[in-house]
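S.K.: Sequence below, structure please.
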Amino acid sequence: MAWFKKDKAAAGKKVKVPEGLWVKCNSCKEIIYRKEVDRNLKVCPKCNYHFRISARERISLFVDEGSFIEIDSGLSSNDPLEFNPEGSDQVSYKDKLKAVRNSSSIKEAAISGSAKIDGQPVIIIVLDFAFFGGSMGSVVGEKFVRAVEKAEKEGLPFMSVASSGGARMQEGIISLIQMAKTSGAIAKFKQVGRPYISILADPTFGGVSASFAMLGDIIIAEPKSLIGFAGKRVIEQTINQQLPDNFQTAEFLLAHGMIDIIVPRKELKKTISTILSLTA
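M.R.: You can find the predicted model right below:
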């Protein structure tokens, strides 16, 4: 009968499970072992959902190891409008910038530089959603234009990876000007005759999608990425109509001729390399 007696000491102990071992998929809601997701390039092995990743992680996915040389790394925003929201409980733009820089370990929402993909030189810029939702302010626009001008000067292909909520509201009109600024830089670059490859990741919205992101000679999207200008609910309220469930997904845009191809993360480097070799 002693076998059936509870060990009070053991019963009082709680099994501690280390935090971060498991991750919940945003799409299928399955609980997955984090290391399994990491091994799969941050893609859900159950439903193929592509998790958001940092700019540096994206760069490491498709450029040759050790080939990336960052440019304009010292540029960072400094609150040109001295934006301070009303209310004592609101945090100023300057303080938010400090907090985001500490949490994301980057100075701005974009990283640019030169690299090689299967030995083929290219200039790239990648937005990072972890920094203010990848929003485009004065510094992101400036880094984009400088990268385009470098590609133009050196006669190299140019590539951008967008993952952004749009323009950065804390910089007001200065942020909105970047739409025209980046679009103008791309228009000038296209006169050189070198390819501009635009990659759209989840999500790509607002001023970014309304400017350089949709101006690529070849537009690639990751599977199931949300891409658009305004949000679905805003559009439905404006036009008083219900939109399809898959509205603003990469698959919907492909079916309606808005993008050229959907490429899974595992095949991205090979696809970009092929495009570069065909347009050399």
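
S.K.: what ranges do the helices span in the stretch 101-250 of the chain?
M.R.: Under the criterion DSSP state H, counting those that start in this stretch, the stretch 101-250 of the chain contains helices at 138-154, 172-189, 206-209, 232-239, 250-255.

S.K.: Quick one: mean pLDDT for the fourth one?
M.R.: Looking back up the chat, that one is helix 232-239. Mean pLDDT, helix 232-239: 92.

S.K.: Contacts for that helix, please.
M.R.: Contact with helix 232-239 is made by 230, 242-243, 247-248, as judged by C-beta atoms under 8 Å, 6 or more residues apart in numbering. Glycine gets a C-beta too; all of them are placed from N, C-alpha and C.

S.K.: Which one of the residues you listed sits in the busiest neighbourhood?
M.R.: residue 248 (22 neighbours; other C-beta atoms under 10 Å).

S.K.: what's that residue in contact with, if anything?
M.R.: Contacts of residue 248 (C-beta under 8 Å, 6+ apart): 226-228, 232.

S.K.: Which one of the helices of the stretch 101-250 of the chain lies nearest to residue 30?
M.R.: Closest approach to residue 30 among these is made by helix 250-255 (20.6 Å; C-beta to C-beta).

S.K.: Closest one to residue 116 out of the contacts of helix 232-239, please.
M.R.: Distances from residue 116 to the contacts of helix 232-239, taken by C-beta to C-beta, are shortest for residue 248, at 34.0 Å.

S.K.: The closest one and residue 235, how far apart?
M.R.: According to C-beta to C-beta, to the nearest Å, residue 248 and residue 235 sit 9 Å apart.

S.K.: Ok, residue 35 next?
M.R.: 39 Å.

S.K.: Among these two, which residue is more densely surrounded?
M.R.: Per other C-beta under 10 Å, whichever of residue 35 and residue 235 has more neighbours is residue 235, with 15 against 11.
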